[in-house]
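Asker: Take this sequence and fold it.
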Amino acid sequence: MSGQALYRRWRSQSFEQVIAQDHVTRTLQNALRSGRIAHAYLFTGPRGTGKTSTARILAKAANCLAEPEQRPCNQCALCQAINEGRALDLIEIDAASNRGIDEIRELRDKVAFAPNEGRYKVYVIDEVHMLTTEAFNALLKTLEEPPAHVIFVLATTEPQKIPATILSRCQRFDFRRIPLADLEHQLNHICEVEGFRIQPAAIEAIARRAAGSFRDAESLLDQLAATGDAEITLERVQELLGAVPAQAVAELVDAWIDGDLTTGLRLINRLVDEGADARQLHLEIIDHLRSLMLLMAGGDEKLAGASPDMAARLRAQSSRLSLGRLVDGLHLFSQSETVARGEVRPQMPLEMAFVQAVLLGRSMAEPAPAEERRSAPAAEPPAPASRPAAERPASIEEPRAVRRAERPAATSAQAPAPVERPAVASMPAQAPQPAEKNAAPVAQADMGALKQRWQQILDSVGKRNRLFAALVRPARLVGVQGNRLILEISTSSHRDRIMKDENRRTLEDALQEVLGIPLQVECRLPGEAPPAAREAPKPNTGVAPVREAPAQPASAGRAAPAQAAKPVQKAPAVQEDPLVNYLVRNLGAQVSAIHPDKGAETENTIQDDDASAASDD
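Answerer: This is a model prediction of the structure:
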């Protein structure tokens, strides 16, 4: 029939004609030759990969009158009846329009009848995932124990929607997307037989647009052949598909690499005004950047799959671009492509992605200020004096009574003077190890060492959150003020995303892991005044400031203190007690006061934020 569509005229009629599904056809042929035909099969995979065609071939082979090695022969009466669509023993059901329980009950009643002509009745249920839950339940028993003369073939593109009880009763075969080379070869063969003149570049464009679906490729070729042109050219294919010339896409990528906002935005709007599909232009840019990434990361032009001219263009672009910036740009364009669906102005997401990619590249290329380059690393703070093993604090899990017994007895008059602490905050108990084995903790003011380990910090952030690491990478180090790390961010939205509680904690944890000291992160915009000068940071001991103990009224049966209450200084027991540090740091407790406990030792009175003041012993 001259008016029949190409995909119907060129439907596979034998196992050998099924394209790129050898893992399925070989298994079915061996099962037919050995007589081990299953009662139920499940064919899954993308559209246009041959699921329904293979089901028909299976029906022909199961009823063919030829020898087992020649089935299906496509010559006997039964094969001819199936090819012409008049076989009574092949029943095809569209589950999308026959999805209710009544249709499945009718099927279940007819299953018991014997075949009319062949050995088997074959039921092909297409888009089986569309059946309702009640219909699946009605089909379940019949599918589990069908009559010996019945074969079920279930076809679907969404196997995850099929109940497990149905899946467990079928032999499953997964159909794969057809490779690009196989699609091009089959399209060339069809054009030769049908007498179509077509350019090789046009065949490649059709095969790429089909994305592994042979039926889609045949439909596009049929549509192009209907235009009546003497030859199908690449320009005609691009006009039909709304595609963009590769040269224009390469020019747009050049504008991004050069940071030329004006040229890039003008080119996007010119292409859209000329009739190019904005979404297709977006996809073409992503494909171009993907080819560029494969060329730069893999080093093989075959991975990029580009023509010789385009491969030369990709090599020229790769020489002006870093792999990190390319990956960040590809990520931005890929994210914005999903937003473009359903947009009133479809080019706007592309324009925003282009502007963001250019700004991101500019922020990554900004040099450090001159004052930071001239700054020399600050001297390391003096290390705290080591104490004897008997005076070291016990672990948090150790009972408090044991720590009291091991602690040397001291009265308030004999309490040792507070030990001077360096400006650097002390590491908490069980602090994470630095990234490098021999890396020592970095002083807060040592910007030189901080810059040297900045890449290690980014790697640590990437292990926790790869997307957040891409946001932090373009940030510029400004300086360290006390225990605060100041970063400069190009846009306010970029800053707000970094300063979200979860993201900020991720960066601070990475700083703690690599540098070995706790730092707080603050961000500011270019030209924004630095944070207001604050009080010089005090030694961070991990506990709240100690206040003077409130005066207690004298009660009956208890002697008043011998001397007036004095402001209590921080004792080593508070600074070094791991239990106090743990409660303050993790549970939100505060040190309210320190007062003598029966003249034997210095005791810490801890008050929670929500609790009332601690009563006297």
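
Asker: Now do the helices in the stretch 401-550 of the chain.
Answerer: Listed in chain order, the helices of the stretch 401-550 of the chain (DSSP state H, counting those that start in this stretch) span residues 447-452, 454-464, 466-472, 492-498, 501-515.

Asker: Would you format those helices as TSV with mean neighbour count included?
Answerer: All C-beta spots, glycine's among them, are computed from the backbone N, C-alpha and C. Supplementary listing: those in TSV, determined by neighbours: other C-beta atoms under 10 Å:
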stretch	mean neighbour count
helix 447-452	17
helix 454-464	17
helix 466-472	17
helix 492-498	15
helix 501-515	19
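
Asker: Need those helices in a markdown table (columns: distance to Ala66).
Answerer: A markdown table is the format used below for the helices of the stretch 401-550 of the chain (distance: least, C-beta to C-beta, whole Å):
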| stretch | distance to Ala66 |
| --- | --- |
| helix 447-452 | 77 |
| helix 454-464 | 61 |
| helix 466-472 | 58 |
| helix 492-498 | 68 |
| helix 501-515 | 67 |
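
Asker: out of those, nearest to His149?
Answerer: When these are compared by C-beta to C-beta, helix 466-472 sits nearest His149, at 56.0 Å.

Asker: re earlier: format the helices of the stretch 401-550 of the chain as a markdown table; extra columns: mean pLDDT and distance to Glu204.
Answerer: Putting the helices of the stretch 401-550 of the chain into a markdown table (pLDDT from 0 to 100; distance: least, C-beta to C-beta, whole Å) gives the following:
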| stretch | mean pLDDT | distance to Glu204 |
| --- | --- | --- |
| helix 447-452 | 75 | 48 |
| helix 454-464 | 85 | 37 |
| helix 466-472 | 80 | 33 |
| helix 492-498 | 83 | 40 |
| helix 501-515 | 87 | 43 |
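
Asker: how about those, which one is nearest Leu281?
Answerer: The stretch from the helices of the stretch 401-550 of the chain with the least distance to Leu281 (C-beta to C-beta) is helix 466-472; that distance is 23.7 Å.

Asker: quick one, helices of the stretch 151-300 of the chain?
Answerer: Remark: helices assigned in the stretch 151-300 of the chain by DSSP H, counting those that start in this stretch are 164-167, 180-194, 200-210, 214-225, 234-241, 246-258, 261-273, 278-298.

Asker: for those, which one sits closest to Arg313?
Answerer: Sorting these by C-beta to C-beta, the top spot, which is the nearest, belongs to helix 246-258 at 5.1 Å.

Asker: and the helices of the stretch 151-300 of the chain as TSV, adding mean pLDDT?
Answerer: Supplementary listing: the helices of the stretch 151-300 of the chain in TSV, determined by pLDDT from 0 to 100:
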stretch	mean pLDDT
helix 164-167	94
helix 180-194	93
helix 200-210	89
helix 214-225	92
helix 234-241	85
helix 246-258	91
helix 261-273	91
helix 278-298	87
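
Asker: returning to what we had before: indicate which one of the helices of the stretch 401-550 of the chain is closest to Thr142.
Answerer: Put simply, out of the helices of the stretch 401-550 of the chain the one that sits nearest Thr142 is helix 466-472, at 48.9 Å, with distance taken as C-beta to C-beta.

Asker: Now do the closest one: everything it contacts.
Answerer: Counting contacts by C-beta atoms under 8 Å, 6 or more residues apart in numbering, the residues outside helix 466-472 that touch it are 327-328, 331, 458-459, 461-462, 494, 497-498, 503, 506-507.

Asker: Determine the number of other residues adjacent to Ser97.
Answerer: By the other C-beta atoms under 10 Å criterion, the neighbourhood of Ser97 contains 10 residues.

Asker: which SS state does the closest residue to Asp258 other than its chain neighbours fall under?
Answerer: The shortest distance from Asp258 to any residue that is not its chain neighbour, by C-beta to C-beta, 6 or more residues apart in numbering, is 7.9 Å, and that residue is Arg320. Here Arg320 is coil, with the state taken from DSSP: H, G, I helix; E, B strand; the rest coil.

Asker: Tell me if I'm right that Arg320 and Ile257 touch.
Answerer: Yes - A contact is recorded between Arg320 and Ile257 when judged using C-beta atoms under 8 Å, the distance being 5.4 Å.

Asker: Comparing these two, which shows the higher neighbour count?
Answerer: For Arg320 against Ile257, the residue with the higher neighbour count under other C-beta under 10 Å is Ile257, and the figures read 19 against 9.

Asker: hang on, the earlier thing: what separates the residue nearest to Asp258 from Leu131, distance-wise?
Answerer: Distance, Arg320 to Leu131, by C-beta to C-beta, to the nearest Å: 56 Å.

Asker: for Glu522, same thing?
Answerer: Going from Glu522 to Leu131 by C-beta to C-beta gives 58 Å.

Asker: Could you do Arg119 as well?
Answerer: When C-beta to C-beta is the yardstick, Arg119 and Leu131 sit 27 Å from each other.

Asker: more crowded one of the two?
Answerer: The residue with more neighbours, out of Arg119 and Leu131 and counting by other C-beta under 10 Å, is Leu131; that gives 28 against 15.

Asker: which residues touch that one?
Answerer: Ala95, Arg99, Ile104, Ile125, Leu139.

Asker: Dihedrals phi and psi, it?
Answerer: For Leu131, the backbone dihedrals (degrees, to the nearest 10) come out as phi -60, psi 150.

Asker: Numbering from 88 from now on, please.
Answerer: With the count now opening at 88, the last piece we talked about shows up as Leu218.

Asker: Look up the pLDDT of it for me, please.
Answerer: Here the pLDDT value assigned to Leu218 is 94.

Asker: The one 3 residues further on now?
Answerer: At Glu221 the predicted local confidence, pLDDT, stands at 92.

Asker: element containing it, please.
Answerer: helix 220-231 (DSSP states H and E).

Asker: Where does pLDDT dip in the protein?
Answerer: Within the chain, the stretches with pLDDT under 70 are 88-90, 386-392, 425-431, 451-533, 616-663, 665-666, 668-676, 680-704.

Asker: Mind doing that once more with 50?
Answerer: Scanning the chain with the threshold set as pLDDT under 50 gives 88, 454-532, 619-658, 684-704.

Asker: in it, which spans are strands?
Answerer: According to DSSP state E, the chain carries its strands in the segments 127-131, 177-181, 208-213, 237-243, 258-261, 563-568, 571-575, 607-611, 677-684, 688-694.

Asker: out of those, which comes closest to Glu271?
Answerer: Comparing the strands of the chain under C-beta to C-beta, the one sitting nearest is strand 258-261, at 23.4 Å.

Asker: re earlier: would you turn the strands of the chain into a markdown table with mean neighbour count and distance to Ala153?
Answerer: What follows is those, written out as a markdown table (neighbours: other C-beta atoms under 10 Å; distance: least, C-beta to C-beta, whole Å):
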| stretch | mean neighbour count | distance to Ala153 |
| --- | --- | --- |
| strand 127-131 | 23 | 22 |
| strand 177-181 | 18 | 17 |
| strand 208-213 | 23 | 17 |
| strand 237-243 | 24 | 18 |
| strand 258-261 | 15 | 24 |
| strand 563-568 | 17 | 76 |
| strand 571-575 | 19 | 76 |
| strand 607-611 | 17 | 76 |
| strand 677-684 | 18 | 90 |
| strand 688-694 | 18 | 91 |
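
Asker: Generate TSV for those, with distance to Ala384 as supplementary columns.
Answerer: TSV is the format used below for the strands of the chain (distance: least, C-beta to C-beta, whole Å):
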stretch	distance to Ala384
strand 127-131	32
strand 177-181	45
strand 208-213	41
strand 237-243	36
strand 258-261	29
strand 563-568	26
strand 571-575	28
strand 607-611	31
strand 677-684	53
strand 688-694	55
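
Asker: Domains in the protein, by residue range?
Answerer: Residue ranges for each domain of the chain read 93-261, 267-328, 333-452, 534-611, 659-694, as given by automatic domain parsing.

Asker: The first one spans what distance, first to last residue?
Answerer: When you say that, I think you mean domain 93-261. Counting by C-alpha to C-alpha, to the nearest Å, the length from the leading to the trailing residue of domain 93-261 is 25 Å.

Asker: re the thing from before, so can I have JSON lines of the helices of the stretch 238-387 of the chain showing distance to Ser99?
Answerer: Below are the helices of the stretch 238-387 of the chain laid out as JSON lines (distance: least, C-beta to C-beta, whole Å):
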{"stretch": "helix 251-254", "distance to Ser99": "26"}
{"stretch": "helix 267-281", "distance to Ser99": "10"}
{"stretch": "helix 287-297", "distance to Ser99": "16"}
{"stretch": "helix 301-312", "distance to Ser99": "9"}
{"stretch": "helix 321-328", "distance to Ser99": "25"}
{"stretch": "helix 333-345", "distance to Ser99": "33"}
{"stretch": "helix 348-360", "distance to Ser99": "39"}
{"stretch": "helix 365-385", "distance to Ser99": "30"}
